[in-house]
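> Predicted model and sequence follow; I will ask about them next.
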Number of protein chains: 2
Amino acid sequence: MRAFVTGAAGFIGSNLVDRLLKGGHAVVGYDNLATGRREFIAKALRHPNFKFIEGDVLDVTRLNESVCGTEIVFHLAANADVRFGIEHPRKDLEQNTIATFNVLEAIRINGIKTIAFSSTGSVYGETAVIPTPEDAPFPIQTSLYSASKLAGEGLIAAYTEGFGIRSYIFRFVSILGERYTHGHVFDFVQKLAKDPSTLHILGNGLQRKSYLHVADCVDAMLTAVACADAKINIFNLGTDEYCEVKDSASWIAGRLGLDPRFTYTGGDRGWIGDNPFIFLDTNRIRALGWRPKLGIRESVECTVDWLRANEWVFS
Amino acid sequence: MRAFVTGAAGFIGSNLVDRLLKGGHAVVGYDNLATGRREFIAKALRHPNFKFIEGDVLDVTRLNESVCGTEIVFHLAANADVRFGIEHPRKDLEQNTIATFNVLEAIRINGIKTIAFSSTGSVYGETAVIPTPEDAPFPIQTSLYSASKLAGEGLIAAYTEGFGIRSYIFRFVSILGERYTHGHVFDFVQKLAKDPSTLHILGNGLQRKSYLHVADCVDAMLTAVACADAKINIFNLGTDEYCEVKDSASWIAGRLGLDPRFTYTGGDRGWIGDNPFIFLDTNRIRALGWRPKLGIRESVECTVDWLRANEWVFS
């Protein structure tokens, strides 16, 4: 297939691009390189089936032209900065909601039939149903990030209904692995590089979180696209385990050969909108035969290894 | 209280304005008069506690200035045109989602503590749970209108969490009554004026729909704002009955003294995104003591009477 990938130079996007190219597909990558890194697509750029277009999903004209001739759009470009939403409320609206609208319009105008979208498990808000299935009770949003992703999901569903496209919506837990450039592992490794004796943790460290390795994430997306054929296909993506933030901190410190003292800001949330317990029911994607190859601890540790081997990402 | 009402010259907005003024509140009405009618606020304009500002919710500067000094914002301005979403997809995004974001920013910037929002029962999509409670399973959107309202709800919840405001989200069934200017009663009365012998109905006429009179709707909103004090207060608003479209058509024709032949386009949906069965569980708002004073048939008939007495709204 001829795939179009927004956010192609980002963490998940660039991993997806490599996997698609390896699978023999032609790929057009689109990225404004604001948070994406050219280094992540260095190998892809040498591949004859890859074309890279530096462009913004808010640049409607360029987007519409770039999408032309492709068959499926993987829309991964996003502001993935969950924590700082209330410092710049317009960012999530523009980069997630309006951007998704623009991508849907490009799809409609170009007569493309399929979209795959990276949503988030945080759309479930602070749900009472854990592990959380895709049809959990109607949630209340707790962050601008999740609100903007929910809006994206709603737009995709409405376009699917209104314009006869097929859609795949993936609600991710936090993704880890090669080319990981933000999130708690990144922050902890960075903090410990500055001060190996102490690690200050947001919240009480007891927040329970779920993680998935990027290779498993990409694998799940491609499994769904290959095997699921409803009009709207919604899948939770995660492992069947969770961990506490302080456990994860211990694994990170251990992997770095350090034994820091942990201090805590306290409270059961690390920041406003932080969710104290995220654990998704993944039976739906498992029913397609997909299984994650790596557990949470292995994913955390290989992320630490990758960050140590690629210290340039901290600059 | 000093209330700010967006969409103040619209159907529901102008009824709310009158009720607020009657209750002794000061009201600033804001409307771009695109679909709102100056006639609807003619009486309010003579009231010393009413101030009208002609402005657009997409005009951020004017909106921010206008909101200043008020205590609660009733955000009713919207593109309420459910049916034609796929003919102009950007309209719902701009007039519902981005507009709601602008209103929330105006609230944040001006330090206002309360927002009340007109959402829609169509956010439940084609739910399997009927009557549908507020915490029904996570729905899939079927129209751009409902997607844009869901996005508005998500933004409001995230702002409530992030900025410590209080919010009231009302999921309306279709509202009827004085100053009604669009929807099936409007369409049927208009069609029957042109051809009293035949009424062409979209779908098979068996779609089951719920309606509420605007006076009961306004009453419910004010009851909720006075009595409910959670951070985020979500209420379905409707009666405890529904009717079929063909029943409603019979009542309308009967009220007009006509006996037309009904013809049908067929199919269980009137248009793409039409919902064949809408019936909301309203136990939550009833628990506050609110009861609707009018049933569906009475609401339909008094809407017909109002339209006949105000034929100028068809021009």
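Cool, got the structure.
> tell me the contacts of the closest residue to chain B within the stretch 1-150 of chain A?
Evaluated by Cβ to the nearest Cβ, the stretch 1-150 of chain A has A:A147 as its residue closest to chain B, separated by 3.5 Å. C-betas here are computed from N, CA, C, even on glycine. Residues touching A:A147, when contacts are defined by Cβ atoms under 8 Å, 6 or more residues apart in numbering or on different chains, comprise A:D92, A:Q141, B:A151, B:G154, B:L155, B:A157, B:A158.
> make it 10 Å
Residues in contact with A:A147, defined by Cβ atoms under 10 Å, 6 or more residues apart in numbering or on different chains, are A:85, A:89, A:92-93, A:96-97, A:122-123, A:125, A:140-141, A:273, B:101, B:150-159, B:161-162.
> Kindly report the same for A:Q95.
Shown in contact with A:Q95 (Cβ under 10 Å, 6+ apart): A:N32, A:A34, A:T35, A:D56, A:V57, A:L58, A:A77, A:A78, A:N79, A:A80, A:D81, A:S148.
> State the helix or strand in which the closest residue in space to the first one that isn't next to it in sequence lies.
This means A:N32. Across the structure, with Cβ to Cβ, 6 or more residues apart in numbering or on different chains as the measure, the residue nearest A:N32 apart from its sequence neighbours is A:D56 (4.1 Å). Assigned by DSSP states H and E, A:D56 falls within no helix or strand.
> for A:D56, what are its contacts?
A:T6, A:Y30, A:D31, A:N32, A:L33, A:A34, A:R62, A:L63, A:A77, A:Q95, A:A99, A:N102.
> for A:G266, same thing?
A:I201, A:L202, A:G203, A:N204, A:G205.
> What does the spatially closest residue to the first one that is not a sequence neighbour show for phi and psi?
In other words, A:I201. Spatially, and ignoring its direct neighbours in sequence, A:I201 is nearest to A:Y264 (5.1 Å; Cβ to Cβ, 6+ apart). Dihedral angles phi and psi of A:Y264 (degrees, to the nearest 10) take the values phi -130, psi 140.
> A:Y264: how many residues sit nearby?
Neighbouring residues of A:Y264 were enumerated by other Cβ atoms under 10 Å in any protein chain shown; the total is 16.
> Quick one: neighbours of A:E65, just the number.
Neighbourhood size, A:E65 [other Cβ under 10 Å]: 14.
> related to what we said a few turns ago, which of the contacts of A:D56 sit farthest apart?
Across these, the longest distance by Cβ to Cβ is 17.8 Å; it joins A:L33 and A:N102.
> More neighbours: which of those two?
Looking at A:L33 and A:N102 with other Cβ under 10 Å, you find the greater number of neighbours at A:N102, namely 23 against 15.
> I figured that one hits A:N64, correct?
Yes: the pair A:N102 and A:N64 qualifies as a contact (Cβ atoms under 10 Å) at a distance of 8.5 Å.
> Quick one: the helices in the stretch 101-250 of chain A, in order.
If DSSP state H, counting those that start in this stretch is used as the criterion, the helices of the stretch 101-250 of chain A fall at A:144-163, A:184-194, A:214-227, A:245-255.
> average pLDDT for the last one?
What it means is helix A:245-255. For helix A:245-255, mean pLDDT is 96.
> same check, this time on the second one
Helix A:184-194 carries an average pLDDT of 95.
> contact partners of that helix?
Counting by Cβ under 10 Å, 6+ apart, the neighbours of helix A:184-194 from elsewhere in the structure are A:83, A:174, A:176-177, A:180, A:198-202, A:207, A:209, A:211, A:245, A:248-249, A:251-253, A:255-256, A:258, A:260, A:270, A:299-301, A:303-304, A:306-308, A:311, A:313-314.
> Out of those residues, list just those in strands.
Secondary-structure check on the contacts of helix A:184-194 using DSSP state E: residues within strands are A:S174, A:L176, A:T198, A:L199, A:H200, A:I201, A:K209, A:Y211.
> Bridged to the fourth one, which residues?
The residues listed as beta-bridge partners of A:L199 by DSSP bridges are A:F262.
> Can you name the residues that contact it?
For A:L199, the contact set (Cβ under 10 Å, 6+ apart) comprises A:187-188, A:191-192, A:205, A:246, A:249-250, A:252-253, A:258, A:260-264.
> My guess is A:I234 contacts A:S167. True?
Yes: A:I234 sits in contact with A:S167 when judged by Cβ under 10 Å, with a separation of 8.6 Å.
> Give the residues shared as contacts by the two.
Here A:I234 and A:S167 have A:F117, A:E153, A:I156, A:A157, B:I140 as joint contacts, going by Cβ under 10 Å, 6+ apart.
> Quick one: mean pLDDT for stretch A:103-116?
The average of the pLDDT scores along stretch A:103-116 is 97.
> For that stretch, measure first residue to last.
For stretch A:103-116, the first and last residues are 11 Å from each other (Cα to Cα, to the nearest Å).
> Any residue of it touching chain B?
Yes: using Cβ under 10 Å from any Cβ of the partner chain, stretch A:103-116 comes into contact with chain B via A:L104, A:E105, A:R108.
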